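# heads up, no residue letters with this:
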């Protein structure tokens, strides 16, 4: 694909985030399964439902801008998930593992916040009003998920401190 | 390295961010060289100087907490830089390439914001006051760099729109 115009860049980025979200749909259940704190498991499971809806919104954004939804492997998300999977293999105490799961999840959230931030700015510049509305919903959910994880981290980090 | 305690997790994360920052010191000049907008080149070069100082602060944070500074390859940053390098190979118009450079840089900034966010929270929990002060300086700079890029994007995206 050539990348001559801002519209080309927008589609390329949309393909990247479609891949990122799809990778996350597969990774989140593994992280939820390894979490010990019930509130963390619930937060990850609730974010999985959101992520599934986000995939649909991204697909709708392709449709709204007259393109076919087609993912392009997101190498950054591959790296983030590889790090999370390595971390899950560590012989960590439950509260420490929960703190690590939150750390990995917040890196993922920030990747998505950056990507949707760019996509929203480009959609606005390109007057892609329908796509912009969908992408804004996604970025709002990612920002809420990140804040929720920061809140959960407070109690979990205190628990993790008493270990070892 | 076993990851039994929150202190173990802190050191592992510090090793990750040391690798991330060192990778970025190598990548930023390539991005600055490919940028067309003078303000973008200047912003990337100024962030390179900041990044070099951030490496020193991370090394000082190891020292302050009685550890040897040793990087551990950050796979996520490897992925982010691989994506940026692929993008730089694209046959894009100058303003579009600048918009893409900003997009990649903001992903990098958000990776670092997430990582320093976790490190600051853990340093606070662990009462690593000296390290906390150093890491807070780094996160503040990353957040400023991200905002500066968002500001620059406004004019660059408009220029990019006129292309093609």
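Thanks, I have it. None of the values given here were measured: they were computed from a predicted structure.

# Does residue A:83 belong to a helix, a strand or coil?
The three-state assignment at residue A:83 reads helix, by DSSP: H, G, I helix; E, B strand; the rest coil.

# And the pLDDT at it?
Here, the pLDDT recorded for residue A:83 equals 91.

# what about it, neighbour count?
21 (other Cβ atoms under 10 Å in any protein chain shown). All C-beta atoms are positioned from the backbone trio N, CA, C, and that covers glycine.

# quick one: the residue lying closest to it once chain neighbours are set aside from residue A:77, how far?
Spatial nearest neighbour of residue A:83, excluding adjacent residues (Cβ to Cβ, 6 or more residues apart in numbering or on different chains): residue B:75 at 5.3 Å. Taking Cβ to Cβ, to the nearest Å as the measure, residue B:75 falls 11 Å from residue A:77.

# and the lowest-mean-pLDDT helix or strand in chain A with helix B:75-89, angle?
Taking mean pLDDT, DSSP states H and E as the measure, the helix or strand of chain A with the lowest value is helix A:75-89, at a mean of 92. For helix A:75-89 against helix B:75-89, the angle between stretch directions is 170 degrees (axes from the mean of the first three to the mean of the last three Cα atoms, to 10 degrees).

# hmm, the following helix or strand past helix A:75-89 touching chain B?
Following helix A:75-89 in sequence order, the next helix or strand is helix A:94-125 (DSSP states H and E). Yes: using Cβ under 8 Å from any Cβ of the partner chain, helix A:94-125 reaches chain B at A:96, A:99-100, A:102-103, A:106-107, A:109-111, A:113-115, A:117-118, A:121-122, A:125.

# Can you name the next helix or strand after helix A:94-125?
Note on helix A:94-125: by DSSP H and E, the next helix or strand toward the C-terminus is helix A:129-161.

# Which strands and helices lie in contact with that following helix?
Helices and strands touching helix A:129-161, by 3 or more Cβ pairs under 8 Å, 6 or more residues apart in numbering or on different chains; DSSP states H and E, are helix A:38-64, helix A:94-125, helix B:6-34, helix B:94-125.

# buried ones in that helix?
Neighbour-count burial for helix A:129-161, counted by 16 or more other Cβ atoms under 10 Å in any protein chain shown, picks out A:131-132, A:134-136, A:138-139, A:141-143, A:145-146, A:148-149, A:152-153, A:156-157, A:159-161.

# Nearest approach to residue B:50 belongs to which of the helices and strands packed on helix A:129-161?
helix B:6-34 (9.8 Å; Cβ to Cβ).
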